[in-house]
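Undergrad: Sequence and predicted structure below; questions after.
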Amino acid sequence: MRVLNAEIVECGRCARLRDYCAEVARVRRRAYADWEYWGRPVPSFGDEHARVLALGLAPGAHGSNRTGRPFTGDGSGDFLFPVLHEAGFASKAKAVSRDDGMKLSGLWIGAIVRCAPPGNKPTPEEQRNCSAWIDREMKLLKDLRVVVCLGRIAFDGLLAWAQRSGLLGSRSGLVFAHGAEYTLPGGLIVIASYHPSLQNTNTGKLTRPMFLAVFERARALAKLK
Ligand code: SF4
């Protein structure tokens, strides 16, 4: 996994995204003027023996693209990590930097796209480019039992992986809805969740009890104590 993450960080397949991330890192947001932005593809993070994978969409321009760790340093992470902490997956409730001492237990956090896209909207081609990394990552997560897909794009990306890998023939009947659960051939369980974006959490579309229930369910399905 360390080798894979090192390769991801050096990836340059999507010129548009690499240029955008570098430009965001150069200009920076005034509130983070003292930061040296990461500005590169963001590697996954967590417990290599995880039974649960939390799969996001892509790094935030001033969150992961700044800190270099998924869901670290932005509003989505500020909503996610307290829930992961309460559900027993994260050692701390607040993620601020790669050096904050955060440890995950039983959980791996990845993403469909590893570079921050303008407007949080990667193109289909960029999603296809990045799919090679999830294909390799899934092979390395040998204890995996449950995938929590954070948002519709992550859900679609996970099903696309299942089709590429030969696990799944048709997607028929597999519909994104918050809290929906599906068992893929072979036994991997997929849980769909709304993404913890500010757009969803500020409007109450996704509440903390709803989100906690997803991760408590994932924990139970993964038979984690
Ligand atoms: S989005 Fe993925 S494939 Fe594209 S440059 Fe970043 S890491 Fe590489």
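TA: Great, that's in hand.
Undergrad: can you list the residues of this protein near the ligand?
TA: Within reach of the ligand by Cβ under 6 Å from any ligand atom, the chain has these residues: 8, 11-14, 17-18, 41, 113-115, 126, 129-130. Where C-beta positions appear, they are placed from N, C-alpha and C, glycine not excepted.
Undergrad: Please repeat the previous calculation with a cut-off of 8 Å.
TA: Within the chain, the positions near the ligand by Cβ under 8 Å from any ligand atom are 8, 11-14, 17-18, 21, 41, 58, 113-115, 117, 122, 126, 129-130, 132-133.
Undergrad: Return the members of those classed as buried.
TA: Buried residues within the residues of the chain next to the ligand, counting neighbours by 16 or more other Cβ atoms under 10 Å: 8, 11, 13-14, 17-18, 21, 41, 58, 113-115, 117, 122, 126, 129-130, 133.
Undergrad: those strands in the chain, which residues are they?
TA: 45-46, 52-56, 107-111, 146-150, 181-183, 189-193 (DSSP state E).
Undergrad: List the contacts of the fifth one.
TA: With Cβ atoms under 8 Å, 6 or more residues apart in numbering as the test, strand 181-183 has contacts from L174, I189, V190, I191, A192, R217, L221.
Undergrad: if we can go back for a sec, please flag which of the residues of the chain next to the ligand sit within helices.
TA: Among those, the ones falling in helices (DSSP state H) are I8, L17, R18, C21, E126, N129, C130, A132, W133.
Undergrad: what's the closest of the residues you listed to A180?
TA: Nearest to A180 among these, counting by Cβ to Cβ, is C130 at 24.1 Å.
Undergrad: Who's the closest spatial neighbour of that closest one, skipping the chain neighbours?
TA: V113 (4.7 Å; Cβ to Cβ, 6 or more residues apart in numbering).
Undergrad: Please give the number of neighbouring residues around the residue lying closest to A50 once chain neighbours are set aside.
TA: Using Cβ to Cβ, 6+ apart and skipping residues adjacent in sequence, the residue nearest A50 is W108, 3.9 Å away. Using other Cβ atoms under 10 Å, the number of residues around W108 comes to 26.
Undergrad: try the one 10 residues further on
TA: When neighbours are counted by other Cβ under 10 Å, P118 registers 15.
Undergrad: for R164, same thing?
TA: 14.
Undergrad: what residues are up against it?
TA: S131, D135 are the contacts of R164 under Cβ under 8 Å, 6+ apart.
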